[in-house]
Structures are given as C-alpha cells and as structure tokens.
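Engineer: Give me a 3D structure for the following:
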Amino acid sequence: QVQLVESGGGLVQAGGSLRLSCAASGRTFSTRTMGWFRQAPGKEREFVAAINWSGSTYYADSVKGRFAISRDNAKNSVSLQMNSLKPEDTAVYYCAATMSLRTGATGNKDQYAYWGQGTQVTVSS
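Structural biologist: So this is what the prediction gives:
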C-alpha cells in the first residue's frame, strides 16, 4: 500500500513559480513511476508530468519547458517545480503512483493506482 500527501499549492500571479511536493509511504517507492496530474473545474483530470524509477521523465506538451519533475528516493518524495505559470495552469494538482513496479514514465491515468488528496494551485492574471 502507498499513501501520498501533497503540499506546496497556493495562489501566485501569472509568470510566477510554485514548487509542489509529494511525500510517499511504503518501501517500494523507489521502484514506482510517480506522476502529477491536475483537474480544473468542470474538466477531466489530465496528465502533467511523470518520472520513473530510473529517472526518465515525460511531460504533457502544455507544460514542457516550464515544469520540472524530480524525485528523492532517500526521502520517499517527488516534486514538481512550476515556472512561468499561466492562468490556465489553475487546477487541483494530484500526486500519483503506479501499481506496477519498474515501468516507464507514463501519462496513462489508468496505470496509476495510488492518489493523493490534491493541492490547489491558483494562478491569477
């Protein structure tokens, strides 16, 4: 079982930066792909970024070049550095972990079995 707790959300002006963190429990953290997803009001939850057990990363086109995902296996944590934020980045951001171990960095929501409670990010124009 994996439990995930996000932190770091808040209100920021367009062009600003925020760093989200996700603390994970469980001894298998280092072998799971970790992802960040987001959900805006009235919209489906969408993929943002993922990092696999070997450090390979994958990003949604909408955040490529602005967001960076990283992990610290010694601390069982994953982070999302968000720069050049836009109003359209406003959403609840969720941390997620895959069911399977040693997979690729995937954006497929169905491969993620464990989810955090989410943290709100609001970008004002």
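Engineer: In this structure, which strand is the longest?
Structural biologist: Ranked by residue count under DSSP state E, the longest strand found in the chain is strand 91-101.
Engineer: Can you classify the most centrally placed residue in the chain as helix, strand or coil?
Structural biologist: Among the residues of the chain, the one closest to the centroid is Trp36, at 2.0 Å (CA atoms, centre = their mean). Here Trp36 is recorded as strand under DSSP: H, G, I helix; E, B strand; the rest coil.
Engineer: Now for it: which residues touch it?
Structural biologist: Contact partners of Trp36, counting by CB atoms under 8 Å, 6 or more residues apart in numbering, are Leu20, Cys22, Val48, Ala49, Ala50, Ile69, Val78, Leu80, Tyr93, Tyr94, Cys95, Ala96. For glycine as for every other residue, the C-beta is placed from the backbone atoms N, C-alpha and C.
Engineer: so how far is whatever helix or strand comes next after the longest strand of the chain from its chain's centroid?
Structural biologist: Using DSSP states H and E, the next helix or strand after strand 91-101 towards the C-terminus is strand 112-115. Taking CA atoms, centre = their mean, to the nearest Å, one finds the center of strand 112-115 at 12 Å from the center of the full chain.
Engineer: Not counting its own residues, what contacts strand 112-115?
Structural biologist: Gln1, Val2, Gln3, Leu4, Gly35, Phe37, Tyr94, Cys95, Ala96, Ala97, Thr98, Met99.
Engineer: Gly26 versus Arg102, what's the distance?
Structural biologist: 15 Å (CB to CB, to the nearest Å).
Engineer: how about the strands of the chain, start to end?
Structural biologist: Ranges of strands in the chain, per DSSP E, are 4-7, 10-13, 18-24, 32-39, 46-51, 57-59, 67-72, 77-82, 91-101, 112-115, 119-124.
Engineer: and the third one, what does it pack onto?
Structural biologist: Based on contacts counted as 3 or more CB pairs under 8 Å, 6 or more residues apart in numbering; DSSP states H and E, the elements that strand 18-24 packs against are strand 4-7, strand 32-39, strand 77-82, strand 91-101, strand 119-124.
Engineer: For those strands, give me CSV that also has mean pLDDT.
Structural biologist: Below are those laid out as CSV (pLDDT from 0 to 100):
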stretch, mean pLDDT
strand 4-7, 97
strand 32-39, 97
strand 77-82, 98
strand 91-101, 95
strand 119-124, 98
